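Undergrad: Sequence first, then the predicted structure, then my questions.
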Amino acid sequence: MGLREWEMGGVLFSPFLVYVLLALLLTGLLRLLVQATPLARWIWHEALFDAALFVCVLFLVVRLLGTL
């Protein structure tokens with residue numbers, strides 16, 4: 001994928017937008033997985049956990065897909 005801009009109908013899109021959307025989807029799935037297990041009771045501050053999980057997943061997505 002790389003970090004080159006995409007053109008759709010004369011509009012340039014940053015690949016970071018796709019990375020953020022993918023990270024948001026993966027974060028939601030991971031959050032559902034955590035809620036379905038007993039791990040959820042160990043989360044002290046849910047909003048802080050969600051933000052930290054999103055940042056970690058976004059880092060991994062950019063790291064893995066940004067070098068293609």
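TA: Yes, it's here. Numbering: from 1, shown residues only.
Undergrad: Could you list the buried residues of stretch 18-26?
TA: Y19, A23, L26 (16 or more other CB atoms under 10 Å). C-betas here are computed from N, CA, C, even on glycine.
Undergrad: what's the helix or strand for the first one?
TA: Of the helices and strands defined by DSSP states H and E, Y19 is found in helix 15-36.
Undergrad: which residue is nearest the centroid of the chain?
TA: A23 (1.5 Å; CA atoms, centre = their mean).
Undergrad: Could you verify my assumption that that residue touches V61?
TA: Yes - taking contacts as CB atoms under 8 Å, A23 lies within contact range of V61: 4.8 Å.
Undergrad: Now the common contact residues for these two.
TA: Common contacts of A23 and V61 (CB atoms under 8 Å, 6 or more residues apart in numbering): none found.
Undergrad: pLDDT below threshold where in this protein?
TA: Where the chain drops to pLDDT under 70, the residues are 1-3, 67-68.
Undergrad: In it, which residue sits furthest out from the middle?
TA: The chain, CA atoms, centre = their mean, max distance from centroid: G10 (26.7 Å).
Undergrad: Pull the contacting residues for it.
TA: Contacts of G10 (CB under 8 Å, 6+ apart): none.
Undergrad: Equivalent analysis for D50, please.
TA: D50 neighbours (CB under 8 Å, 6+ apart): T27, R31.
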